[in-house]
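*Asks:* Curious how this folds, go ahead:
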Amino acid sequence: MRILNITAQKPDGTGSGVYLSEMVRCECELGHQTAVICGVAADDAIDTLSAGTQLFDVRFDTSELPFHVCGMSNVMPYPATRYCDLTPQMLQEFESAFHHRIQEAIDQFKPDVIICHHLYLVCAIARECAPDIPMAAVCHSTDLRQMAQHRLERERITKGIRGLDAILALHKAQAEKIVATFGVPRELIHVIGTGINDKVFSSRVTEGVERLAGKICFAGKVWGAKGVPSLLRAVDNIRPDQLPDDTSYLSLDLAGGRSDDGLEYAAITRLARDIRWPAHLLGKIPQTDLARRYSQSEIFCLPSFYEGLPLVLVEALACGCKLVATDLPGVRQWIEDNVPDPPIIWVKPPRMRGVDIPEPAELPDFERRLTKALLEALEMPERSCDVSRVSWLGLTRKALGYLA
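*Replies:* Just a heads-up that it's a prediction; the model follows:
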């Protein structure tokens, strides 16, 4: 088939960007012809897409679009515009640019099917441009968060989502939330989960890398909604006399892009500098380096307050880590359904004030639970687990099956 893939964001730098890039890679591996429409900055070079993929990029920070790429999260790991901050003129420019590029891709590439990422504005525009082409869209949860936070083009987006041929959800709890948000029939929604690239994230691939007792790692956007300040305080709470006999020290690696909130990142940097154990802010690193960090670490920790289905959990399991993670809706069930007997300790999240904003008074108790879970994970024996059911290739085959 000829498959057109669409996202309003960059095809890298975020979990949904990786998701799109990996699906495109597998579409090519399965013998399909591929094209991608994506939003990028004026000076961005796109090097994450498979060779031979036709690119229809929408360039921001230009005379046509004189503002940053629009981000589905309110804080992105690159300069971005929040949807709630779009003025009527900016919205018109955004819609015009994507409408033109989608129409151009349809005329030139002539897709048999279209796959959009995020149940949001560009997906609705694509449905308007291509009412007769089979179209599916992947929900990444940040789209549901946007719908909950403000009313930008709500009726138009809802109409576009209801006109899709298939909606692809990450897990069952998310599927129910899609029904509640858009009023679509449940049978339109198919749970496909997430995947990993086993050519990169595998104990076999990183064989020979020494695992270091007491080494903890985190991967994701370095900001408050991912629970990074709470993780730093939880690690700081661990005293040397609490460590297991075979562990003499702790260290923490934090891999991932920073938010564009300079004050928040400066506060995280100060906190990382001041805790009792070494904490290293690595910035965004290549996937091969990330796999090596996983393989060096005894524990991977994701104390996030809001997630769709974080693929970093499965990547870390594939590389042999023990996990500590917030017990968020749908995530635990999907992991346990697809990875038999995973070495994970789940931590009860704090009560929330907003979609990804915890009640400040709840954080000390959450951080104590996090500290306790990290200590339990340090005592937990290492064990491998089978992640073979979680692959991008299998996910892509399943997704395309709903459009064939």
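*Asks:* got the residue ranges for the strands in the stretch 51-200 of the chain?
*Replies:* 54-60, 70-71, 81-82, 113-117, 135-138, 166-169, 189-191 (DSSP state E, counting those that start in this stretch).
*Asks:* distance between the first one and the chain's centre?
*Replies:* This points to strand 54-60. The chain centre lies 21 Å from the centre of strand 54-60; the measure is Cα atoms, centre = their mean, to the nearest Å.
*Asks:* and stretch 293-310, how far apart are its ends?
*Replies:* 17 Å (Cα to Cα, to the nearest Å).
*Asks:* Look at Asp261 and report its pLDDT.
*Replies:* In this model, Asp261 is scored at 69, pLDDT.
*Asks:* still on that earlier bit, out of the strands of the stretch 51-200 of the chain, the one nearest Val179 is which?
*Replies:* strand 189-191 (7.0 Å; Cβ to Cβ). (Each C-beta comes from the backbone N, C-alpha and C, glycine too.)
*Asks:* between the longest helix belonging to the chain and strand 113-117, how many degrees?
*Replies:* Secondary structure of the chain per DSSP state H: the longest helix is helix 88-109. Between the axes of helix 88-109 and strand 113-117, defined by axes from the mean of the first three to the mean of the last three Cα atoms, to 10 degrees, the angle is 150 degrees.
*Asks:* Just the buried positions in helix 88-109, please.
*Replies:* 90, 93-95, 97-98, 101-102, 105-106, 109 (16 or more other Cβ atoms under 10 Å).
*Asks:* Also stretch 347-356?
*Replies:* Buried residues in stretch 347-356 (16+ other Cβ under 10 Å): 347, 349-350, 355-356.
*Asks:* ok, now stretch 209-217?
*Replies:* 209, 211, 214-217.
*Asks:* between the residues you listed, which is nearest Met72?
*Replies:* Cys217 (25.1 Å).
*Asks:* Put the alpha carbons of stretch 366-386 into PDB.
*Replies:* Output in PDB follows, covering the C-alpha atoms of stretch 366-386 (Å, rounded to 0.1, in the frame of the first residue of the first chain):
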ATOM      1  CA  PHE A 366       4.200  10.200  47.400                       C
ATOM      2  CA  GLU A 367       8.000  10.800  47.700                       C
ATOM      3  CA  ARG A 368       8.100   8.600  50.800                       C
ATOM      4  CA  ARG A 369       6.300   5.800  48.800                       C
ATOM      5  CA  LEU A 370       8.800   6.300  46.000                       C
ATOM      6  CA  THR A 371      11.700   6.000  48.400                       C
ATOM      7  CA  LYS A 372      10.300   2.800  49.800                       C
ATOM      8  CA  ALA A 373       9.800   1.400  46.400                       C
ATOM      9  CA  LEU A 374      13.300   2.200  45.300                       C
ATOM     10  CA  LEU A 375      14.700   0.500  48.400                       C
ATOM     11  CA  GLU A 376      12.500  -2.600  47.700                       C
ATOM     12  CA  ALA A 377      13.800  -2.700  44.100                       C
ATOM     13  CA  LEU A 378      17.400  -2.600  45.300                       C
ATOM     14  CA  GLU A 379      16.700  -5.700  47.400                       C
ATOM     15  CA  MET A 380      14.800  -7.400  44.600                       C
ATOM     16  CA  PRO A 381      16.800 -10.200  42.800                       C
ATOM     17  CA  GLU A 382      17.400  -9.500  39.100                       C
ATOM     18  CA  ARG A 383      15.300 -11.500  36.700                       C
ATOM     19  CA  SER A 384      14.800 -11.400  33.000                       C
ATOM     20  CA  CYS A 385      11.400 -11.100  31.400                       C
ATOM     21  CA  ASP A 386       9.900 -11.900  28.000                       C
END
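*Asks:* In that stretch, which residues are buried?
*Replies:* Buried residues in stretch 366-386 (16+ other Cβ under 10 Å): 366-367, 369-375, 377-378, 380, 385.
*Asks:* which residues in the stretch 251-400 of the chain form strands?
*Replies:* Using DSSP E, counting those that start in this stretch, strands in the stretch 251-400 of the chain cover 251-255, 279-283, 297-302, 322-326, 344-347.
*Asks:* which helices and strands does the first one pack with?
*Replies:* To tie it back to what came earlier, the one meant is strand 251-255. strand 212-219, helix 228-236, strand 279-283, helix 287-296 (3 or more Cβ pairs under 8 Å, 6 or more residues apart in numbering; DSSP states H and E).
*Asks:* That one: how far from the chain's middle?
*Replies:* 19 Å.
*Asks:* got the angle for it vs strand 297-302?
*Replies:* 50 degrees.
*Asks:* quick one: strands adjacent to strand 251-255?
*Replies:* strand 212-219 (parallel), strand 279-283 (parallel) (DSSP bridges).
*Asks:* for the nearest residue to Pro358 once chain neighbours are set aside, what are its contacts?
*Replies:* Spatial nearest neighbour of Pro358, excluding adjacent residues (Cβ to Cβ, 6 or more residues apart in numbering): Pro350 at 4.2 Å. Applying Cβ atoms under 8 Å, 6 or more residues apart in numbering to Pro350 gives the contacts 305, 358-359, 362-363, 365-366.
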